[in-house]
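*Asks:* I would like to see how this sequence folds:
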Amino acid sequence: MRFRGLGLPVYTALALLFLLIPIAYTFVFSFNNSGKLNIAWQGFTLDKWTNVCAAQGVCEAFANSILVGVVATVLATALGTAIAIALVRYRFRARSAISLLLFLPMATPEVVLGAGLAAQFLSLGVNKGLVTIIIAHTMFCISFVVVTVKARVASLDPALEEAGRDLYGSAVAVFWRITFPLLLPGIAAAALLSFALSFDDFIITNFNSGAVDTFPKFIYIAAARGIPAEANVVASAVFILAIVIVVVAQVTRAARAARLARLRG
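*Replies:* Residues are numbered from 1 along each chain as shown. This is a model prediction of the structure:
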């Protein structure tokens with residue numbers, strides 16, 4: 001009886017440990033004093049962190065991933081937000097069909113989606129590069145933005161916008177002063193999700209990148225001969241930055257909630 005309630009906590013701890021082992025390995029071996037091969041531990045050093053661009057192609061691939069992620073996120077978020085508002089607020093022909101088509105990229109295997117886009121670019125005679133990667137990422141990220149923002153739009157109270165119009169606010173003023181601030185948490189969540197999906201994507205990128213390397217593609221190619229420690233540095237830095245952003249967001253939210261509680265009290 002005493003150990004009956006330990007099953008779930010033990011299972012959770014083991015699952016978290018299993019998930020964190022690769023991250024811990026990546027972080028530890030970013031300090032490895034290795035050469036081209038970063039497989040066996042050779043000794044502790046900070047040189048890889050202070051000279052992260054020493055390995056050929058690491059910084060260029062990382063910069064490409066950042067550029068593609070930012071541009072694709074901006075485009076997908078803008079288009080997806082507009083589509084989500086239209087699907088929730090307006091009635092028009094083919095509305096159900098559009099909703100169904102938007103879910104197809106989420107349900108389609110990435111290898112099929114990547115091969116299909118590559119075939120389209122080939123038939124149109126478009127040279128593969130950063131532009132084709134951005135187009136491909138924008139296309140599959142739009143679906144995730146629409147789903148995320150659509151839920152937020154559906155939860156909005158139309159009376160708030162009606163109140164703004166009753167106070168002689170123009171359509172543009174009502175949108176930017178009332179609708180957009182209320183949608184902002186959903187839009188921000190959709191943008192972060194889009195950037196994460198774009199930055200992490202390999203399959204669709206590999207089909208549509210041509211000679212351009214992104215960070216996931218660089219890791220895949222380098223894995224055959226040994227991933228350099230500099231790549232571990234970049235991966236560790238991205239992970240640490242993500243943790244810092246989450247912690248700051250949680251602390252900010254808790255501080256805002258406490259301030260509102262004091263004002264209400």
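*Asks:* checking residue 226 next. Helix, strand or coil?
*Replies:* Three-state call for residue 226 (DSSP: H, G, I helix; E, B strand; the rest coil): coil.
*Asks:* residue 32 is in contact with that one, correct?
*Replies:* No: using CB atoms under 8 Å, residue 226 makes no contact with residue 32, being 11.1 Å away. Glycine gets a C-beta too; all of them are placed from N, C-alpha and C.
*Asks:* looking at these two, which is more packed in?
*Replies:* Using other CB atoms under 10 Å as the criterion, residue 226 and residue 32 rank with residue 32 on top: 20 against 14.
*Asks:* ok, now which ones touch the closest residue to the more buried one other than its chain neighbours?
*Replies:* Leaving aside its sequence neighbours, residue 32 sits nearest to residue 229 (CB to CB, 6 or more residues apart in numbering; 5.1 Å). Counting by CB atoms under 8 Å, 6 or more residues apart in numbering, residue 229 makes contact with 29, 30, 31, 32, 34, 38, 48, 55.
*Asks:* quick one: mean pLDDT over the longest helix anywhere in the chain.
*Replies:* With secondary structure taken from DSSP state H, the chain has its longest helix at helix 229-264. In this model, helix 229-264 has a mean pLDDT of 86.
*Asks:* list the buried residues of it.
*Replies:* By 16 or more other CB atoms under 10 Å, the buried positions in helix 229-264 come out as 229, 230, 231, 232, 233, 234, 235, 236, 238.
*Asks:* centre of the chain to stretch 113-123, how far?
*Replies:* 23 Å (CA atoms, centre = their mean, to the nearest Å).
*Asks:* so which residues make contact with that stretch?
*Replies:* 105, 128, 132, 135-136, 139-140, 203-208.
*Asks:* next, count neighbours for residue 6.
*Replies:* A count of neighbours around residue 6, defined by other CB under 10 Å, yields 10.
*Asks:* now the one 5 residues further on
*Replies:* Burial measure for residue 11: 10 neighbouring residues, criterion other CB under 10 Å.
*Asks:* which strands or helices does the helix or strand encompassing it pack on?
*Replies:* Assigned by DSSP states H and E, residue 11 belongs to helix 7-28. With contacts taken as 3 or more CB pairs under 8 Å, 6 or more residues apart in numbering; DSSP states H and E, helix 7-28 sits against helix 229-264.
*Asks:* distance between the helix it packs on and the chain's centre?
*Replies:* That offset, for helix 229-264, works out to 16 Å (CA atoms, centre = their mean).
*Asks:* cool, stretch 176-195 as well?
*Replies:* With CA atoms, centre = their mean, you get 14 Å for stretch 176-195.
*Asks:* burial measure for the residue nearest to residue 178 when sequence neighbours are not counted, as a count.
*Replies:* Once flanking residues are discounted, residue 178 sits nearest to residue 164: 4.8 Å by CB to CB, 6+ apart. Close neighbours of residue 164, defined as other CB under 10 Å, add up to 18.
*Asks:* just residue 53 next, same as before
*Replies:* When neighbours are counted by other CB under 10 Å, residue 53 comes out with 14.
*Asks:* what packs against the helix or strand where residue 85 lies?
*Replies:* Residue 85 belongs to helix 58-89 when assigned by DSSP H and E. When contacts are defined as 3+ CB pairs under 8 Å, 6+ apart, helix 58-89 packs onto helix 95-107, helix 130-154, helix 180-200, helix 215-222, helix 229-264.
*Asks:* and that helix, what's buried?
*Replies:* 58, 61-62, 64-66, 68-69, 71-73, 75-77, 79-81, 83-85, 87-88.
*Asks:* now that helix: mean pLDDT?
*Replies:* Averaging pLDDT along helix 58-89 gives 93.
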